Structure formats: C-alpha cells, structure tokens
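A.B. asks: Fold the following, please.
(one chain, ligands or ions: 1)
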Amino acid sequence: MTGFREKVRAWLAANVPGDEELATAKRFQAALHDAGLAGITWPTEYGGQGLTAAEQQIFDQEAAHYDLPTSVFRIGMGMCGPTILDLGTAGQKARYIRPLLRGEEIWCQLFSEPGAGSDVASLQTRAVRDGDSWVVNGQKVWTTVAHLADFGALLARTDPDVPKHQGLTMFLIDMHAPGVTVRPLTDMTGRAPFNEVYFADLRLPAGAVLGQVGGGWPAAVTMLGHERVSIGGFVRIRHDPLAHANLAETARRYGRDRDPVVRVELAKLYAAERALALFNARLRQEAEAGSPPGARGSVAKLAGAQLRQQAVAVAGLIAGPHAIAWDPDDAAGDELALAINQTPSSSIAGGTDQIQRTIIGDRILGLPREPVADRDVPFRELRVGTQRPA
Ligand SMILES: Cc1cc2nc3c(=O)[nH]c(=O)nc-3n(C[C@H](O)[C@H](O)[C@H](O)COP(=O)(O)OP(=O)(O)OC[C@H]3O[C@@H](n4cnc5c(N)ncnc54)[C@H](O)[C@@H]3O)c2cc1C
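C.D. replies: Numbering: from 1, shown residues only. Predicted coordinates for the structure are as follows:
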C-alpha cells in the first residue's frame, strides 16, 4: 500500500492542473486513467483497475489535498457508471464504462420533474413502445450538467395502468439525439449548474433499457443509493472554504483564532468531518466486500448536508458580516460567500433532508412506515404533477 500511496502522491503533484475548464478536465481525466488511477475499484475488463476500497481510500486521502477538475464527471463516476455496472448488459458496460472513466463522455441523471421531486415515482415523462423502439415525450428539471452531457440515465413511465412504482423503466439516452432540448437554469449563486430538459418524440432503441422494462424503480433506488454515498463522500479538504482547516485559517485572518467559542466550534467541526469521512470509508469498504450501502446511504447523505450547515454556522461566527458582504478584492471572501450560498442545495439535491430522515426512520430504525394512500392505485387514476384524471 505504501507504494500505491507514493505513486498517487507523485502523480497528483505532477499533474493536477490549475483550472477547471472543460478541455482541461477531459485531458486530466484521460491522463488519470492512463496512470491507472481512474475507476480504482471498477472491473478491469471495462477499463477499471480492479483494486480494492483500501486503494480507493488512499487515492481519496491524497486527492483531498487538491482541487481536482473532476466535478463535471461526478454524476457519471458516482452514479450512472456504478448503476450500469450493477444492472447493465455486457454490451452496455463495454460501450459506456471505459469512455466514462476516461472523461470522454459526460453523463447526467434525468429523474426529477416539475411535479415529481421527492415523490419521483409520480413522474409523467412517457416512453411508449413503437415496434422495436420507444418514443419519449415529457420534461425533466434540475438536471445537473445536462448542458455538457453526452448521455443521460432517464427514468420514464412505460406503463400508466399499474401502480406508480411498477410502471417505470430506466433508459440510457444520447443527449445529442433529435428530440432532446436542454435549457440552463440559473441558481441563487448566479451560476447555471442545472437545466430543464425537454423530450419531443425522442426515439430510443430497445437496447437503451437499463435493467428490466418495468424495473425502473429498483434501478432508481440503486442509483440513488450510489448518489447518496457519492454526495456524502464529497469532502474536499484543501480548497473548500467550509472545511475546518480553511475556516481555522479564516479565523486567523480575521483575528478570531484566540476566541474560545470559535475554537470549540472548529473542534466540533473537525470531529464531524472525521466521523463522516470514516463512515463513508466504511460504507465503501462494505460495498467493495459485496454489501451495498442501502438505506445507510441516506445517513451519509444527511450527515454530509448537516456538516455543510454546521460549517456555515461556524463561518458566520468567524467572518461575521464579511460572510455576506466582503471587500471586492478579497478573493477568499468571495469564495466563502459562494460556498455559503451553495450550502442550502446540499439539503435538497439527491433527496431532501426530510426524505432522508423518513428513509432512516422506516428502514434503519424500524419506525412505523409513513401512510401511503396510492400504493395499489393505477398511476392513470392518480392526481399527481399536472395529471388530473376525469
Ligand atoms: C443543486 C441541485 C442539483 C440537482 N440535480 C439533479 C439532477 O441532476 N437530476 C435530477 O433528477 N434531479 C436533480 N435535482 C433535483 C432534486 O432531486 C429535487 O430537488 C429533490 O428531490 C426535491 O424535489 P423538489 O425540488 O421537487 O421538492 P418537493 O419534493 O416539492 O419538496 C418540497 C419540500 O417538501 C418536503 N417534502 C416533500 N415530500 C415530503 C414527505 N413525504 N415528507 C416530508 N417532507 C416532504 C421536502 O423535504 C421539501 O422541503 C437537483 C436539485 C438540486 C438542488
């Protein structure tokens, strides 16, 4: 393991670029793959390295000291790729996994709709069988990186005559195909990380189905499990203004580092960061040993969102009014404010905190399940989204 750590350390020191431009990110990801450091635990036959969670952990520890330009690949690496490995045919794995690992193809996740977010099983985008193909019509929203994506994992309704969870199918779609329109959405930071996506008679081959026709819900649950671990595990140490080490530096800059309250809160933040990092490492090791995270992914996701909120509270304590009104030439103040403004989204993206708590209550703590009135009702008869049955 020492040799692997030394290799990772030396490679990162020599190769991490200074910007996050798309072309740079793609070059970096290809070089990472060439160096044997992309898809560390993924099977070698599809371009992975076939190593263990221990090597992945070493890579994560070393990479945490850099800002890798890899965020554009996060949905592919963290969610779509692992789900294709879990559920895809040999042909799908052979087609998609290697280019994904090399950063040649960018992926997005097409689940949420204007009327279906927390209750994503109520989605209305339809895929209708037409001979050997499927025809898709409908709309998605909040689709991260869809404006850059080459492929997407689409959840669509294929059978409205069965209860809502049973009539869904997951498809792997080409985002450049005729019938796909992507419109960026600006969030409260002024950036446009996500999009609306419209489908107008998008035609898909039969081979676009991931898993089983009608098996879209278990496929979505599989992907959301990967998403929650991937989000919860996203703790950047070096350049994240909300990481405890950088907040300690901010405290020094503002002369607040001798304040006992600030010191206690920074120590608590450090403890929470470490606990989450260890929990995520454990989930990854268990997954590697054949025990997927299941509902415990919700614990990681919720803890990650809470950690961000805790860090924002400490940032406010340290920076006071500078947290929202900083000197125009204070680059660090600008970054801190951006991180603070982005934090609320971590309690929404990938399933809200309330939904994670319900999952934890139902599936881990064994509390009585939430009452569900529509479990056995055909989707066609439900009043959901814009659907109003006669
Ligand atoms: C930054 C960001 C990136 C995203 N990226 C993607 C993406 O790439 N792909 C994608 O498909 N989606 C994406 N989403 C969408 C995200 O999954 C949804 O926003 C989320 O699931 C919540 O759905 P909603 O916004 O429709 O809110 P709603 O479901 O309308 O919820 C509104 C409020 O009601 C609460 N609520 C709803 N139902 C319950 C319940 N049963 N019990 C208790 N409280 C409840 C919620 O917790 C929330 O506070 C992204 C969102 C964000 C913020």
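A.B. asks: only C-alpha atoms for contact and neighbour calcs from this point on.
C.D. replies: Noted.
A.B. asks: where along the stretch 51-200 of the chain do the strands fall?
C.D. replies: 107-110, 126-130, 133-140, 151-157, 168-174, 180-185, 194-205 (DSSP state E, counting those that start in this stretch).
A.B. asks: Quick one, which of the ones you listed gets closest to the ligand.
C.D. replies: Nearest to the ligand among those is strand 107-110; the distance by CA to the nearest ligand atom comes to 4.5 Å.
A.B. asks: So that closest one, near the ligand or not?
C.D. replies: Yes. Counting by CA under 6 Å from any ligand atom, the ligand is contacted by strand 107-110 at Cys108, Gln109, Leu110.
A.B. asks: And for the second one, the neighbour number?
C.D. replies: The burial count assigned to Gln109 is 23, neighbours taken as other CA atoms under 10 Å.
A.B. asks: Isn't Gly225 up against Lys301?
C.D. replies: No. Applying CA atoms under 8 Å as the test, Gly225 and Lys301 come out as separate, 9.5 Å apart.
A.B. asks: which one of the two has more residues nearby?
C.D. replies: Between Gly225 and Lys301, counted using other CA under 10 Å, Lys301 has the larger neighbour count: 30 against 22.
A.B. asks: buried sites along the helix or strand harbouring that one?
C.D. replies: Here Lys301, judged by DSSP states H and E, is contained in helix 296-319. Using 16 or more other CA atoms under 10 Å as the test for burial, helix 296-319 gives 296-312, 314-319.
A.B. asks: what's the answer for stretch 91-100, then?
C.D. replies: Quick answer for stretch 91-100 (16+ other CA under 10 Å): Gln92, Lys93, Tyr96, Ile97, Arg98, Leu100.
A.B. asks: what comes into contact with that stretch?
C.D. replies: Contact with stretch 91-100 is made by Tyr46, Gly47, Gly48, Phe73, Gly76, Met77, Gly81, Ile84, Leu85, Glu105, Ile106, Trp107, as judged by CA atoms under 8 Å, 6 or more residues apart in numbering.
A.B. asks: Could you measure from His176 over to the ligand?
C.D. replies: 17 Å (CA to the nearest ligand atom, to the nearest Å).
A.B. asks: got it, and Gly215?
C.D. replies: For Gly215, the distance to the ligand - CA to the nearest ligand atom - is 17 Å.
A.B. asks: Please apply the same query to Leu68.
C.D. replies: Applying CA to the nearest ligand atom, the value for Leu68 to the ligand is 19 Å.
A.B. asks: Now Pro368: closest residue in space, sequence neighbours ignored.
C.D. replies: Ranked by CA to CA, 6 or more residues apart in numbering and with sequence neighbours excluded, the top spatial neighbour of Pro368 is Asp362, at 6.5 Å.
A.B. asks: how many neighbours does His322 have?
C.D. replies: Neighbours around His322, by other CA under 10 Å: 17.
A.B. asks: Contacts only, for Glu381.
C.D. replies: Taking CA under 8 Å, 6+ apart as the test, what Glu381 contacts is Pro389.
A.B. asks: start the count at 646, not 1, going forward
C.D. replies: Sure thing, new numbering starts at 646, so read that last one as Glu1026.
A.B. asks: Dihedrals phi and psi, it?
C.D. replies: phi -90, psi 0 (degrees, to the nearest 10).
A.B. asks: pLDDT at it, what is it?
C.D. replies: What the model reports as pLDDT for Glu1026 is 93.
A.B. asks: For the stretch 746-895 of the chain, what lies in contact range of the ligand?
C.D. replies: Within reach of the ligand by CA under 6 Å from any ligand atom, the stretch 746-895 of the chain has these residues: Cys753, Gln754, Leu755, Phe756, Ser757, Ala761, Gly762, Ser763, Asp764, Trp787, Thr788, Thr789.
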